[in-house]
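Peer 1: just coords:
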């Protein structure tokens, strides 16, 4: 549906949008695309190469933007065109012929023919003063030879056009017709109208062996001091919204399938379209103009509204018990709370003193059983929580402090046009569980007395001036975070279970964006001009403790606030950051980062994910493909972070996971940093022609955008970290979906299904497999995608072949037929593999270990094997 | 062939280019245009309205650019649309319905649909966010009502486009289709694709009576301080070149006719095309970019080269006597000297000491007998001149002074790439005569002794410091110019025949062009920012006297030089000005004017010609059509001067005639001024996007362009001046055409026709009639145009009906059929008059005196009557 970005999107979004597009093309034109054409995205991901190219059945992939130093070397070595193996795990089974153009996606210089361009036309009327056929033919041939000199084989491709061209195609074709005519008459080269497909076949026919390329093409610089690594973070709110909607869309499709897709009623199609569009390389990338960004958000919002109806009616349908008929005449109406990020949930902010129950349905989109802490705002501290068996369960009341209330009030005014009618004073936290693709129900009601964890008792303010012990340990479970009251900051991490203990400091700082007229920092480009550490404010740390979680509130300064949470039973720390409005009254744009500082010896090496999938090794100030000339020691070491990043030393791994895409780096050994927010006052001259200066307005008074987000940190013994990164990564992407309703009295469980699993109740997916698509198509078939979550060698237990029993997954239905498809589900997998061109690699390196993939699915057994990193796509017909 | 300018072109050029275009349209499409569409020219001339509109058979004329104050008043009074009578003499017989658009030639604001325009498209897909049909329909209707409120009748016209639009027409038509559909569905207005022709018919059908407009629409200001009166002078060299070529083209066509048009050989068609193109409102107007101006000149040059061949072969043919066969085997080769303006004529700069004769053929393109002074450069002072009867005639040798030689050398280097091989030291002057459309031959040979008027004797240098008499009288005939040696300038004018005696001073000054960023002086706009008088240099006056002419050489400063000439037998003074390079090293652009200052009481009134035809009364700081708010007391009183201008008092008329179009004014009573040259350093923001800074380059070293030109001054008793203005005006336009060859010995007259008249030798055209076209068309028919040169009441003797006897004009041929045509010769006159719409004028003012026109041509008598200002066009078939 679009030419998606390759830095900021989640691979599931890339697959979903490509599937939408490929199936559209198949349906409307009966065409299966063969070529990937990613000419504009600002760097290219490994996942694009192996998943979105090889696995959709493409024979080649073309693009334009690679690092200028890389490009220079590749021109010199004739290696702009390569065979690219994007995945270590899948190796040659997912490789693709990939070509970078010699000069962006431009025609040769002086061959531009848009209406107002000034390249000389081919004047072939000899009567006219500007007759120039011989000259123009010579220039054409010279341009062809020049490109031939940096290209293997006799074939070169010209991209005859660029951005915003062909508004009047005739001006181009008229000249190209003439060039082709006269150049072929000349005979030194043969020119023809071609396509990437024709070109690919011509290259393939030469039987040439091509250089091998692994990893990816990040980061991208188009010239000195011009690293396009700012956009990894640009528009963090939009990035967060896209990620939230992506997870929601996955869950909503499950629920749509579970209920049965409605042709007439609301469905998830609008959200699908909006999400597809939002993956565009100027959408989630954060590089559109403000009014375009608003449009993307608006479409997501409309899509969400419609998907929410699907979710609510599906939950109504699932929870309506056919055997329990006493409430058959009353349809339950569920409500959801998308605005929990601003602590706003009208459905839970209700008065329960009259004896009503607040019914909370907790849906788990994961294929595993799961337990997680739920936090919802409530207006009363005397509430209790019961499970669907009627047992009261442990809960905790946490005060809703001013920082959160200010955000709630300001943003509800800005976006809803009014202040909320009530002001909740508390968060209610409790631990909920739910079966795979299933739900459980919880009931919140007014308690007789104050909860055990009465907030007033457990709130301690640590001021550096008072005589208190300096070291504060925080965490109700095995994980303790250590804070210094004097320094007012995190200083240590101790896990008593794993015995991991590490000095960990965490801080905020900002880079000042360069305003150099030759190259400013902007929407695309990160060009720091100095860094400023932010010492935490002299305001005291506030620690809130309880049986389920502890919170540490830190005011870093007037525009950065942080809440650190440690949960019982969780071995990671959660950092909720509130950044903004970034001040600009000093006329200086700022790019805010958080840093994690340890004493780990990380040897310049860190690891970042490729579009939430494979982790790639990054070495500071180094590129595998060329001798890097370092001119931007910070910006040139930034990489896109979608899932997370980690470092390791001899005995530990420190991992950070994120809730949205952003830029990250390890600029010094033992350190990690994430760029959280950017506000800049100059355009960087790459096309958006606006400053990246996001604001929120109330009654025409605008202030800088505030970002609320989370990242998660955990330190594991070496070799044991992947499990958390992969499985908790799935939990971040697919949080519990909550739906609320109210019920008089305690009759809910009698009249409703209050616990449900979409699969066989005894079955869960293997720990190394995720169900990344479950969707009823509009023809009634069901699209299923299963993804192995681990790379070869990533985990000693889980980097192995996994099996999924489809009969158990679809325990409630009868499978008639299962057809394995290409990743984008526009052709059968077998057919696709048959057509695939097999490219030769220079030197034919042997692959060790040999690539393994899951075997064919036996139609009787219906067991799907998945090798490490394998994703398999099926269309299933049910009876 | 183009939308010609209306300020700078000669009416003959306007007629020629329109004829070329109209006949092309007739031939290719069999269409006779009905509507004039002069949307862009920067002001509109009376001649355009009555000659190039009414007399070509148009039913209406539309244009855009009228003074902003005029427009405001006309909008208020609903008088943008008028009946325009451009000629006092021809009145209602040559009127036209004429409409000015309300806002330039733009669509209504917010209805622009070029590819990159940002007017909202009509979004009629109700599913999309930007659905806006009701809003856009309302805006359309509002725009229509708004225009209806300033327009008579129910019909309004929108110009849906503007400069540089419709590069991709689809973007416009797609939106207009939708507007027409939805607006008509709405029903408040009826919208349709229309044409000026449909619109004209709709207006006519209303039977409305329209306000009367006379005179013209000059000068044009589009806003305060923005008078488009600079372009009257911009690019004076191009303007001079166009005028010279225009006269040459007229003569060349005569000679082409006299010899018989050659289909295969050279003809005058290329010059016709080049001249037609050069009339464009950004060509001769001086408002094109430099490289475009170069192209216009190049085409003129190519056209001239080809026309020169026609002239030379025609003269060869005419002078070859069929009865005198002795030289029948030797074809005479004639040469011409286009570069006499830089004193360069290789054909005359020849060594005659070996006894050779220089043969000079003098062709007279006028329909009258004529005598004129010929001046050619020669290398020897001992030459004599004989007429074709062998009699030596009076001649004069005038030294070629340094100022002229410097120009000769610099420009031959610049444009011919070399210095001339010889350096002539003298001008040879003699008086030549020739019959109407005929030639005489003169012979120049080496004389035995020095000419009587030996230059050394007659050259007197008057220095103000020396003890000399201060008053210097100059002039070999009745006219004496009086100079002051002390003041080094002209101070008086005395005609002993007419007894006219007047204090006349003449001076130079320059305006400094405004550089105000809001409105600078530029190619279009004259916005003076102060004036600077130039006192003549302290260098002495040099006076050269002789029997035929006296010359006064004045160096005004290092970049202005003037030669004043008074000829025996001529009662006007000739001023040759050499202006340039205008210095700009002070960073200031300059606009150079010459002023004539007298004590005449001229009551703010002066007269300027309309495209060389009718003279219009101009009153300083006053407009007949509205109360002028004067904001530019100089620029706002400038008018285009093509033929000349004059002032008068109770007993005298002072007339100035020019050799090319330029701007002129009378800023104070008794004064006239002409703007001769402009060099400016700022663009005036009207589209040319270049500064008007013309240069001439030698070996890549460029200096400002120097202009050499002439203007002529004469003072007559009141009421007696028109004769000179009209008849000498014809002589300026059609100078003697000179051709040179060499002959051994004196045998020329025996072997050649040395005197010839194209008409009956006893016949000349009446003094009030000029033959403005004599041209063999490519179908063998002959196009003849005769023009009465006087307006009603202009001259007591000549403002009367004139008669031309075609049989005598074509004495050498037999006329078969004469068909009177429209002015542009694309339809029969009778048929044209039949179709003409007769517009009603508000108040139906009676015309006094009643308009008279010549009657039909009797096919037997073949006498053409011409009423004052009448031009009649005929196609003649000969047997």
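Peer 2: Yep, that arrived. Computed from a prediction, not measured in an experiment: that's the story for all the values here.

Peer 1: Only C-alpha atoms from now on, for both contacts and neighbour counts.
Peer 2: Noted.

Peer 1: Could you grab the helix/strand/coil label for residue A:506?
Peer 2: strand (DSSP: H, G, I helix; E, B strand; the rest coil).

Peer 1: Tell me the residue of chain A that sits nearest chain B?
Peer 2: residue A:168 (5.7 Å; CA to the nearest CA).

Peer 1: quick one: contacts for that residue?
Peer 2: A:114-115, B:167-168 (CA atoms under 8 Å, 6 or more residues apart in numbering or on different chains).

Peer 1: What of residue A:373?
Peer 2: Counting by CA under 8 Å, 6+ apart, residue A:373 makes contact with A:429-432.

Peer 1: cool, and residue A:878?
Peer 2: Contacts of residue A:878 (CA under 8 Å, 6+ apart): A:781, A:813-817.

Peer 1: Quick check: PyMOL command selecting the buried ones in those residues.
Peer 2: Per 16 or more other CA atoms under 10 Å in any protein chain shown, the buried members of these correspond to this PyMOL selection:
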select buried, chain A and resi 781+815+817
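
Peer 1: Need the contacts of residue A:878 in TSV (columns: secondary structure and distance to residue B:155).
Peer 2: Formatted as TSV, the contacts of residue A:878 follow (DSSP: H, G, I helix; E, B strand; the rest coil; distance: CA to CA, whole Å):
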residue	secondary structure	distance to residue B:155
A:781	coil	62
A:813	coil	72
A:814	coil	73
A:815	strand	72
A:816	strand	72
A:817	strand	71
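
Peer 1: which of the contacts of residue A:878 lies closest to residue A:831?
Peer 2: Residue A:831 lies nearest to residue A:817 out of the contacts of residue A:878, by CA to CA, at 17.0 Å.

Peer 1: hang on, that closest one packs against residue A:876?
Peer 2: Yes - with contact defined as CA atoms under 8 Å, residue A:817 reaches residue A:876; the gap is 5.6 Å.

Peer 1: Can you pull the phi and psi angles for the nearest residue to residue A:312 once chain neighbours are set aside?
Peer 2: Nearest residue to residue A:312, sequence neighbours excluded (CA to CA, 6 or more residues apart in numbering or on different chains): residue A:334, at 5.4 Å. The phi/psi pair for residue A:334 (degrees, to the nearest 10) reads phi -100, psi 150.

Peer 1: Also residue A:176?
Peer 2: phi -70, psi -40.

Peer 1: ok, how many other residues are close to it?
Peer 2: Around residue A:176 there are 20 other residues, counting by other CA atoms under 10 Å in any protein chain shown.

Peer 1: now residue A:286
Peer 2: The burial count assigned to residue A:286 is 27, neighbours taken as other CA under 10 Å.

Peer 1: That one and residue A:294: what is the separation?
Peer 2: 11 Å (CA to CA, to the nearest Å).

Peer 1: what do you get for residue A:693?
Peer 2: From residue A:693 to residue A:294 the distance is 13 Å (CA to CA).

Peer 1: Show me which of those two is the more surrounded one.
Peer 2: Ranked by neighbour count (other CA under 10 Å), residue A:693 and residue A:294 place residue A:693 first, with 22 against 13.

Peer 1: For the more buried one, give me its contacts.
Peer 2: A:679-681, A:704 are the contacts of residue A:693 under CA under 8 Å, 6+ apart.

Peer 1: try 6 Å this time
Peer 2: Residue A:693 makes contacts with A:679-680, as judged by CA atoms under 6 Å, 6 or more residues apart in numbering or on different chains.

Peer 1: That one sits in which helix or strand?
Peer 2: Assigned by DSSP states H and E, residue A:693 falls within no helix or strand.

Peer 1: What does the pLDDT read for it?
Peer 2: pLDDT recorded at residue A:693 is 97.

Peer 1: Likewise for residue A:563?
Peer 2: 96.

Peer 1: low-scoring stretches of the stretch 451-600 of chain A, by residue?
Peer 2: For the stretch 451-600 of chain A, the stretches with pLDDT under 70 are A:451-458, A:463-468.

Peer 1: redo that, cut-off 90
Peer 2: A:451-470, A:485-488, A:513-518, A:535-541 (pLDDT under 90).

Peer 1: Please enumerate the helices of it.
Peer 2: Listed from the start of the chain, the stretch 451-600 of chain A has helices (DSSP state H, counting those that start in this stretch) covering A:455-458.

Peer 1: Can you list the residue ranges for strands in it?
Peer 2: In the stretch 451-600 of chain A, the strands defined using DSSP state E, counting those that start in this stretch lie at A:459-462, A:471-474, A:479-484, A:489-495, A:500-513, A:528-534, A:541-544, A:549-557, A:560-567, A:573-579, A:590-598.

Peer 1: which other helices and strands contact the first one?
Peer 2: Right, the one you point to is strand A:459-462. Here strand A:459-462 touches strand A:541-544, going by 3 or more CA pairs under 6 Å, 6 or more residues apart in numbering or on different chains; DSSP states H and E.

Peer 1: Please repeat the previous calculation with a cut-off of 10 Å.
Peer 2: Helices and strands touching strand A:459-462, by 3 or more CA pairs under 10 Å, 6 or more residues apart in numbering or on different chains; DSSP states H and E, are strand A:541-544, strand A:549-557.

Peer 1: Could you export these as JSON lines, including distance to chain B?
Peer 2: Listed next are the helices and strands packed on strand A:459-462 as JSON lines, based on distance: least, CA to the nearest CA, whole Å:
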{"stretch": "strand A:541-544", "distance to chain B": "47"}
{"stretch": "strand A:549-557", "distance to chain B": "41"}
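
Peer 1: Rebuild the ones you listed as JSON lines, extending it with distance to residue A:364.
Peer 2: Supplementary listing: the helices and strands packed on strand A:459-462 in JSON lines, determined by distance: least, CA to CA, whole Å:
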{"stretch": "strand A:541-544", "distance to residue A:364": "28"}
{"stretch": "strand A:549-557", "distance to residue A:364": "21"}
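
Peer 1: mind showing which ranges of the stretch 1-150 of chain A have poor pLDDT?
Peer 2: Ranges of the stretch 1-150 of chain A meeting pLDDT under 90: A:103, A:115-116, A:127, A:129.

Peer 1: and if you look at the stretch 151-300 of chain A?
Peer 2: A:164, A:167-168, A:261-265.

Peer 1: Spell out which parts of it neighbour chain B.
Peer 2: For the stretch 151-300 of chain A, the residues found near chain B under the criterion CA under 10 Å from any CA of the partner chain are A:164, A:167-171, A:295, A:298-299.

Peer 1: which parts of stretch A:587-594 are buried?
Peer 2: Residues A:588-594 are the ones in stretch A:587-594 that count as buried (16+ other CA under 10 Å).

Peer 1: oh, I was asking about stretch A:496-508
Peer 2: Across stretch A:496-508, burial judged by 16+ other CA under 10 Å covers A:500-502, A:504-508.

Peer 1: Name the residues contacting each of residue A:817 and residue A:876.
Peer 2: residue A:781 (CA atoms under 10 Å, 6 or more residues apart in numbering or on different chains).

Peer 1: Helix or strand: which one has residue A:726?
Peer 2: For residue A:726, the host element (DSSP H and E) is helix A:722-733.

Peer 1: need the helices for the stretch 251-400 of chain A, in chain order.
Peer 2: Ranges of helices in the stretch 251-400 of chain A, per DSSP H, counting those that start in this stretch, are A:269-278, A:290-319.

Peer 1: for these, which one ends up most surrounded?
Peer 2: helix A:269-278 (a mean of 23; mean count of other CA atoms under 10 Å in any protein chain shown).

Peer 1: Packing partners of that one?
Peer 2: Contact partners of helix A:269-278 among helices and strands, from 3+ CA pairs under 10 Å, 6+ apart: helix A:11-29, helix A:236-259, helix A:290-319.

Peer 1: need the contact list for the closest residue in space to residue A:732 that isn't next to it in sequence.
Peer 2: Nearest residue to residue A:732, sequence neighbours excluded (CA to CA, 6+ apart): residue A:659, at 6.5 Å. Neighbour list for residue A:659: A:239-240, A:243-244, A:641-644, A:709-712, A:729, A:732-733 [criterion: CA under 10 Å, 6+ apart].
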